[in-house]
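Undergrad: Sequence plus predicted model, see below.
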There are 2 protein chains.
Amino acid sequence: MVKIGIIGVGTVGEAVIKNLEKNKEIIKARAGKEIKVVKGVVKNLNKKRDINIPLTTNYKEVTQDPEIDIVVELIGGVDKAYEIVKDALLNNKAVVTANKALLAYHRFELQKIAKTPFEYEASVAGGIPIIKALRDGLSANHILEIKGIINGTCNYILTEMKKGRNYQEVLKEAQEKGYAEANPTFDVGGFDAAHKLLILASIAYNIDAKPEDILIEGIENINLTDIEFAKEFGYEIKLLGIAKKVKNQIELRVHPTLIKKEEMISKVEGVMNAISVKGDVVGETMYYGPGAGGNPTASAVISDIIEIVRGNNSPMLGYKIPLEIENLSLKPIEEIESKYYLRIAVNDKIGVLEKIAHILASNNISIASFLQKPKEKYVKLLFSTHKCKEKEIKKAIKEIEKQEFVIKPINYIRIEE
Amino acid sequence: MVKIGIIGVGTVGEAVIKNLEKNKEIIKARAGKEIKVVKGVVKNLNKKRDINIPLTTNYKEVTQDPEIDIVVELIGGVDKAYEIVKDALLNNKAVVTANKALLAYHRFELQKIAKTPFEYEASVAGGIPIIKALRDGLSANHILEIKGIINGTCNYILTEMKKGRNYQEVLKEAQEKGYAEANPTFDVGGFDAAHKLLILASIAYNIDAKPEDILIEGIENINLTDIEFAKEFGYEIKLLGIAKKVKNQIELRVHPTLIKKEEMISKVEGVMNAISVKGDVVGETMYYGPGAGGNPTASAVISDIIEIVRGNNSPMLGYKIPLEIENLSLKPIEEIESKYYLRIAVNDKIGVLEKIAHILASNNISIASFLQKPKEKYVKLLFSTHKCKEKEIKKAIKEIEKQEFVIKPINYIRIEE
């Protein structure tokens, strides 16, 4: 029998315990051994829970219990979780975690410490087995690009806005439905997606980077004009986590993105997640499913436990030997190239278009399409550009915003094609 | 160094050899060891090939070579491949195969013989790592249902027909483009998809069945009227491989299917493949990508080799211990329940509709929707039904076809909702 200790018995922890029990026969057949949760660690022993395992408040009763084979960490957050997981690894426990924040900051240190199996399928995109797909199923490939819808809250909001509903109204509804937190910044600001992107990127490229190092923008400024523009020009707007190899540099970025509606990932709606991966051998594959929730996350946690019980032990981040030959580095944010869509609100005066066009041209930015929309009190100018560098567009935007005819901060969305 | 022998050096074999060479640095980093193809087995030594490895015509020089660690079988077909793979396993070689026909017939015998790792990711859906997803990533789940677009030829033809082109014209084009064979029956008749479905079903349900045991229908009778009906009622027509658990019975079937256009799998177009899997814990996940071709298939073959070199060894069909508790059996074809769409060509006479409605009702079949389309010389009646049994609809169809006003064999398509 394989004995499990679970640290953090909330929604996911309870779902892990219940599904291990509910499906115990088939799990035993697949794993080859019985799997039993023998202890749980909680903050509050008095909280009413719908499970029946011995509980403690001291995590060391799990990480240092010689009876326990696998420690499942489900408390979330960075520092305390790092302390716990490190202690488990140093006590030769196999570890399973669903903790994206922990991995966004400490995956490379943990890889060094881990002499035992370390699995983390649930940390990215909930129930979708994307870690195994990328690390094991696509291991023959140089990964050219990853594009992920890895935040269900944002995808839900953007899907609903397509029906003509405004951002604030939909966000409020998402909060009521439990899709978004009371403080939604972590989701709508792109930070949650960034954590997940960093994990995927370390498997694809063996690259270490922290959330602070990469480009992260949220969906807070998307409005219905943008949605209409997208419709008119054949795009969908999605918050994407993008990892891309450009020569020997890796671009890592999270931002709202205009993508052609024919692309498979454009067709993903509501709270669902999907990750498109382009490999140099396989071409494009995509993985779709529920990215959050107790049961989907438990599905991933339990599959990790079964892998460990089976004796499988893929290298944590996918590399048995450090990959030095490629010498990849993180591309500086200001050097990232993209096409852009710009929304500029101006007073309707003679010479406005000419002036904006001049500023764009003098910053090396060429215009791909242009649309002018009259509003009641002002005019909206919508541009799309050809490829230019982050630093060029930012400089141009600053210059345009200084013009007296510009009446609001400029909004922009990157275009991926 | 790990030494590979490849039996069958055609399109896929060459792609395996070339990509192992092209990506050797990253593959070595991921696998932990250098991987080298040291011998190939071919039928014709004189055929010009774009690779540089020693070749032989005698497979035993690979299966019985003490130097070789992993045998990769890529000859296709059943009997000879079975002989070869068996010999490799009995000589304690690990085996990787892309051979769906071999597995459709012999997967359970091979599982018994194999004391060494046996991998077959490439046998279903080419480059999509669906075997690993189902066997490893979703191992916590009872699989409720699998729906797969697992034949690219059929999906290409059906996608093109949506543009108003007829079946024969598109099939001819598919043959010219190399998507369909000169004799297309294996693809358009559903047999290729059936082989793949049987493999997936054995992982999901540990169920043994042969192609002869299951319901297989092809796309040959789909016409533009059906395409129009689908559009009008919000469906897409896809050739699906379906495995479904209904109580303690497993339905296995391949047939053209009307599915709601909102479903993610309905959005898969052209030669691409996708497999939707519903698990009792995770809900629905879907896997999308190229289902055929030298490079995508090589991606899967090489990922299998890397898994073996890493020392991972999931149980071949996903079960370490036989799963007896569930006592699942194959549902007899005539007992399978489905909704149907019927296309009936009749002479325009008084009482026709009444007569057909009477026959349906007397066979326990209730009508869900009805559409009448006048043609030049006759009338097309399009029905959709509520759920009924295979034997009921077949009996009703026979009775209706006997009526003198019916001028052609009746066509039908099952509806999945």
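TA: On my side now, so go ahead.
Undergrad: my read: residue A:88 touches residue A:60, true?
TA: No. Judged on C-beta atoms under 8 Å, residue A:88 makes no contact with residue A:60 at a distance of 9.7 Å. Where C-beta positions appear, they are placed from N, C-alpha and C, glycine not excepted.
Undergrad: With neighbour numbers in mind, choose between these two.
TA: Neighbour tally, residue A:88 and residue A:60, criterion other C-beta atoms under 10 Å in any protein chain shown: the higher count belongs to residue A:88, 30 against 13.
Undergrad: Which secondary structure state is assigned to the more buried one?
TA: When classified by DSSP: H, G, I helix; E, B strand; the rest coil, residue A:88 comes out as helix.
Undergrad: Then residue A:253?
TA: Assignment for residue A:253 (three-state DSSP): strand.
Undergrad: How about it, nearest residue that isn't a chain neighbour?
TA: residue A:215 (3.9 Å; C-beta to C-beta, 6 or more residues apart in numbering or on different chains).
Undergrad: burial measure for the one you found, as a count.
TA: When neighbours are counted by other C-beta under 10 Å, residue A:215 comes out with 20.
Undergrad: Then residue A:176?
TA: Residue A:176 has 9 neighbours, counted by other C-beta under 10 Å.
Undergrad: give me the element it is part of.
TA: Applying DSSP states H and E as the criterion places residue A:176 in helix A:167-177.
Undergrad: my read: residue A:138 touches residue A:276, true?
TA: No. Using C-beta under 8 Å, residue A:138 is not in contact with residue A:276, being 11.9 Å away.
Undergrad: For residue A:158, which residues are in contact?
TA: Residues near residue A:158 by C-beta atoms under 8 Å, 6 or more residues apart in numbering or on different chains: A:219, A:222, A:237, A:238, A:239, A:256.
Undergrad: Now with 6 Å, please.
TA: For residue A:158, the contacting residues are residue A:237, by C-beta atoms under 6 Å, 6 or more residues apart in numbering or on different chains.
Undergrad: Can you tell me the element it falls in?
TA: Using DSSP H and E, residue A:158 sits within helix A:152-161.
Undergrad: which residue sits closest to residue A:298, ignoring its sequence neighbours?
TA: Nearest to residue A:298 is residue A:15, by C-beta to C-beta, 6+ apart, at 3.7 Å.
Undergrad: Show residues contacting the helix holding residue A:176.
TA: Taking C-beta under 6 Å, 6+ apart as the rule, helix A:167-177 contacts A:153, A:156, A:157, A:160, A:161, A:180.
Undergrad: quick one: contacts for residue A:292?
TA: A:126, A:152.
Undergrad: quick check, residue A:239 in a helix?
TA: No. Per three-state DSSP, residue A:239 lies outside any helix segment and is strand.
Undergrad: From chain B, how far off is the nearest residue to it once chain neighbours are set aside?
TA: In this structure, residue A:239 finds its nearest non-sequential neighbour in residue A:154, 4.0 Å apart by C-beta to C-beta, 6+ apart. Distance of residue A:154 to chain B, given as C-beta to the nearest C-beta, to the nearest Å: 18 Å.
Undergrad: Check residue A:179 too.
TA: According to C-beta to the nearest C-beta, residue A:179 and chain B sit 15 Å apart.
Undergrad: again with residue A:118
TA: Distance from residue A:118 to chain B, by C-beta to the nearest C-beta: 14 Å.
Undergrad: So what's the residue count around that residue?
TA: Counted with other C-beta under 10 Å, residues neighbouring residue A:118 total 26.
Undergrad: and the helix holding residue A:176, how far out from the chain's middle?
TA: Helix A:167-177 sits 20 Å away from the centroid of its parent chain (C-alpha atoms, centre = their mean, to the nearest Å).
Undergrad: on that earlier part again, more crowded one of residue A:138 and residue A:276?
TA: In this view residue A:138 and residue A:276 are compared by other C-beta under 10 Å, and residue A:138 has more residues nearby, 30 against 24.
Undergrad: What residues does the more buried one make contact with?
TA: Counting by C-beta under 6 Å, 6+ apart, residue A:138 makes contact with residue A:279.
Undergrad: what's the answer for residue A:291, then?
TA: The contact partners of residue A:291, taken as C-beta under 6 Å, 6+ apart, are A:125, A:126, A:152, A:273.
Undergrad: And the pLDDT at the residue lying closest to it once chain neighbours are set aside?
TA: Spatial nearest neighbour of residue A:291, excluding adjacent residues (C-beta to C-beta, 6+ apart): residue A:273 at 3.1 Å. Note on residue A:273: pLDDT of 98.
Undergrad: Likewise for residue A:87?
TA: 98.
Undergrad: For residue A:80, see how far away it is.
TA: From residue A:87 across to residue A:80, the span is 11 Å (C-beta to C-beta, to the nearest Å).
Undergrad: right, and the residue nearest to residue A:253 touches residue A:334 too?
TA: No. Applying C-beta atoms under 6 Å, one finds residue A:215 not in contact with residue A:334, separated by 9.4 Å.
Undergrad: mind listing what's buried in the helix or strand just after the helix holding residue A:176?
TA: Next helix or strand after helix A:167-177 toward the C-terminus (DSSP H and E): helix A:185-188. Using 16 or more other C-beta atoms under 10 Å in any protein chain shown as the test for burial, helix A:185-188 gives A:186, A:187, A:188.
Undergrad: One more: stretch A:191-208?
TA: A:191-207.
Undergrad: Show the model's pLDDT score for residue A:10.
TA: With respect to pLDDT, residue A:10 has a value of 95.
Undergrad: Kindly provide the distance from residue A:109 to residue A:82.
TA: Going from residue A:109 to residue A:82 by C-beta to C-beta gives 8 Å.
Undergrad: and these two? which has more neighbours close in?
TA: More crowded of residue A:109 and residue A:82, by other C-beta under 10 Å: residue A:82, with 19 against 12.
Undergrad: what's the distance between the nearest residue to that one once chain neighbours are set aside and residue A:378?
TA: Nearest residue to residue A:82 in three dimensions, chain neighbours excluded: residue A:106, at 5.2 Å (C-beta to C-beta, 6+ apart). Distance, residue A:106 to residue A:378, by C-beta to C-beta: 49 Å.
Undergrad: neighbour-wise, which of those two wins?
TA: residue A:106 (19 against 15).
Undergrad: Per-residue confidence, the more buried one, what does it come out as?
TA: The per-residue pLDDT reported for residue A:106 equals 98.
Undergrad: Quick check: it touching residue A:81?
TA: No. Residue A:106 is beyond contact range of residue A:81, at 8.6 Å (criterion: C-beta under 6 Å).
Undergrad: in what helix or strand does residue A:103 lie?
TA: helix A:100-113.
Undergrad: So what touches that helix?
TA: Counting by C-beta under 6 Å, 6+ apart, A:78, A:81-82, A:89, A:120, A:123, A:195-196, A:198-199, A:202, A:208, A:211, A:316-317 sit against helix A:100-113.
Undergrad: so what strands line up beside the following helix or strand past it?
TA: Downstream of helix A:100-113, the next assigned helix or strand under DSSP H and E is strand A:118-119. The sheet places strand A:118-119 alongside strand A:94-97 (parallel), with pairing taken from DSSP bridges.
Undergrad: What are the contacting residues of the partner strand?
TA: A:70-73, A:85, A:88, A:116-120, A:301, A:304-305, A:308.
Undergrad: repeat that with 8 Å
TA: Residues outside strand A:94-97 that contact it (C-beta under 8 Å, 6+ apart) are A:69-74, A:81, A:85, A:88-89, A:103, A:114, A:116-120, A:122-123, A:301, A:304-305, A:308.
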